[in-house]
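Participant: with the sequence up front, the predicted model follows.
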Amino acid sequence: MVKESFPKHPDDALEMMMTQYGTTVLRSAYFYMGDRHLAEDMSQEAFLRAYRAWPKFRGTSSVKTWLMKITINVCRDRLGLKMSGEEPADPQTLETSRSFHVEEEALSKLARSELLQHVMKLPMAFQEALYLYYYLDMSTREMAESLALPEGTIRGRLHRAREQLGILLTREERDHEGA
């Protein structure tokens, strides 16, 4: 959505942003922080920064892209201060509205956690690229805007992340066959 589709007054725009993107911001913060309470704090901080910056936002990118850039920066700022070894967690675990049968849910969680374990072995830049592209369905252009990087860099990171993830998965498959 573009800025013009949002109310001009920051109070009203904030309410609409929270309704439209609240879950996305929280999941993204959870991905970076790996802790529900920290993610909630980072989400609040991101929305506070968006509220303050709303009058200056020119609308050259979508509101979602702009808000994701704020969220990423808030989390990165906090991670610069945070020295624990917590890893980003699976944002899908925040989603509670799905209704699965017990067996399907267990298998689904197992598959996601196994894949996530491999993703977490990749460098953070690759984890970030995979998360934004596959979990948030952002285009490479939106990712480039959110991360303040050239789009070619983003495409390169996605390519290398997929390659390295494929290598890890192939290696594990061979290890299981040989066992």
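Facilitator: Looks like it arrived, so ask away.

Participant: may I have the phi/psi pair for Thr150?
Facilitator: Just to correct that, residue 150 is Pro rather than Thr. phi -60, psi 150 (degrees, to the nearest 10).

Participant: do you know how far the residue nearest the centre of the chain is from Leu169?
Facilitator: The centroid of the chain falls nearest to Ser28 when counting by Cα atoms, centre = their mean (3.5 Å). Separation of Ser28 from Leu169 (Cβ to Cβ, to the nearest Å): 25 Å. Placement of C-beta: from N, CA and C, glycine included.

Participant: can you check Arg76 too?
Facilitator: Taking Cβ to Cβ, one finds Arg76 at 28 Å from Leu169.

Participant: before we move on, what about Phe31?
Facilitator: 20 Å.

Participant: neighbour count: these two, which is higher?
Facilitator: Phe31 (24 against 13; other Cβ atoms under 10 Å).

Participant: mind checking which helix or strand that one is in?
Facilitator: Assigned by DSSP states H and E, Phe31 belongs to helix 10-33.

Participant: that older thread, the nearest residue to the residue nearest to the centre of the chain once chain neighbours are set aside and Glu114, how far apart?
Facilitator: If the residues on either side of it in the chain are set aside, Ser28 comes closest to Thr71, at 5.0 Å by Cβ to Cβ, 6 or more residues apart in numbering. To Glu114, Thr71 is 27 Å away according to Cβ to Cβ.

Participant: for the two, indicate the residue with more neighbours.
Facilitator: Each of Thr71 and Glu114 has its neighbours counted (other Cβ under 10 Å); Thr71 has more, 28 against 12.

Participant: circling back: contacting residues around the residue nearest to Ser28?
Facilitator: 25, 28-29, 42-43, 46 (Cβ atoms under 8 Å, 6 or more residues apart in numbering).

Participant: next secondary structure after the lowest-mean-pLDDT helix or strand in the chain?
Facilitator: Lowest on mean pLDDT, DSSP states H and E among the helices and strands of the chain sits helix 102-119, with a mean of 61. Once the chain leaves helix 102-119, the next helix or strand it forms, by DSSP H and E, is helix 124-130.

Participant: right, I'll leave it there.
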